[in-house]
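Colleague: mind folding the following:
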Amino acid sequence: MLTSGGTIQGYNGQALVDDKHQIIVCGEAFGSGQDAKHLEPMVDGAKANMEKIGQSADYFKGKSLTADTNYHNQGNLKKCHDEQIDAYIPDLKFRNRDSRFATRPRNKPKKRKKFILDDFKYNKTADCYICPYGKILRRNVKKLIRDRIIYRRYSADEKDCSKCPFTRRCFYHKNTKRRWLYVPIGAKETNFSKAMVKKVDSEKGRKIYPQRMAIVEPVFANIRTHKHLDRFTLRSKIKVNIQWVLYCMVHNIEKIMKYATI
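Modeller: Have a look, this model is predicted:
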């Protein structure tokens with residue numbers, strides 16, 4: 001697991017929590033520190049738990065789900081889409097697009113050093129781009145798909161780039177011999193990431209996603225601070241998972257004692 005103190009051997013305790021009383025509806029410890037792999041099994045585990053108490057298989061259909069940026073990938077977003085879950089899982093750059101974070105130093109736009117697509121002028125008649133040095137980049141690929149985004153690719157002549165004084169601002173790698181431009185022209189319907197960016201940036205999304213902090217973080221704080229589980233004391237996935245689930249159960253019993261009516 002990657003931590004602020006470096007890489008350590010450990011387990012990753014995950015919890016899916018309801019927003020009304022902070023009940024853990026699914027808990028599991030994983031032997032991988034990367035959160036991105038854990039959303040799908042957590043959703044499946046929560047569904048199984050709901051069915052065991054008499055709820056239908058589509059109990060989570062239409063329910064809202066929030067998760068932090070570590071869970072933003074195509075697989076997780078597709079899982080939420082297939083399960084018809086109203087998910088809000090932002091990408092890593094969502095704060096840079098939100099005016100509420102504009103005054104924070106780390107979210108301020110950095111001074112640009114490299115040339116980007118906007119620095120190249122497009123000649124519609126010849127279907128080519130003109131670089132800041134005045135050289136032509138011609139189209140050599142009409143349709144290219146990367147991460148479900150559709151591009152056209154344009155490339156410069158290697159001889160032109162070898163004589164260019166702006167290579168430091170144009171090239172991203174030392175061994176590069178020519179500049180390539182990837183121009184987005186569309187997206188496949190299955191580009192869940194792009195759809196999620198639009199959803200999280202919407203007025204509704206910016207109201208719903210911040211609620212995640214108040215829903216799930218106090219649960220981890222309760223288990224780590226008040227229940228003193230700041231580290232697992234067992235080894236092997238089976239034993240660690242039992243320990244984590246037991247602590248999740250104790251947390252839930254505490255909530256039931258507080259909110260249940262007789």
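
Colleague: centroid-nearest residue for the chain?
Modeller: His72 (2.0 Å; CA atoms, centre = their mean).

Colleague: show the average pLDDT along stretch 5-21.
Modeller: The pLDDT scores in stretch 5-21 average 91.

Colleague: list the contacts of it.
Modeller: By CB atoms under 8 Å, 6 or more residues apart in numbering, the residues outside stretch 5-21 that reach it are 1, 23-33, 35, 38, 42-43, 45-46, 211, 215-216, 219-220, 223, 231-232, 237, 240, 244, 248, 255, 258-259. (Glycine included, C-beta is placed from N, CA and C.)

Colleague: report the buried members of these.
Modeller: Buried by 16 or more other CB atoms under 10 Å: 23-30, 33, 35, 38, 42-43, 45-46, 216, 219, 223, 232, 240, 244, 248, 255, out of those.

Colleague: those residues in strands, which ones?
Modeller: Ile24, Val25, Cys26, Gly27, Glu28, Ala29, Phe30 (DSSP state E).

Colleague: could you work out the most separated pair of those residues?
Modeller: Maximum pairwise distance in these, criterion CB to CB, is 16.9 Å, between Val25 and Phe30.

Colleague: excluding chain neighbours, what is closest to Phe232?
Modeller: Val240 (4.9 Å; CB to CB, 6 or more residues apart in numbering).

Colleague: in the stretch 101-250 of the chain, which spans are strands?
Modeller: Using DSSP state E, counting those that start in this stretch, the strands of the stretch 101-250 of the chain run over 121-123, 128-130, 136-146, 149-156, 180-187.

Colleague: which of those sits closest to Arg206?
Modeller: strand 180-187 (22.3 Å).
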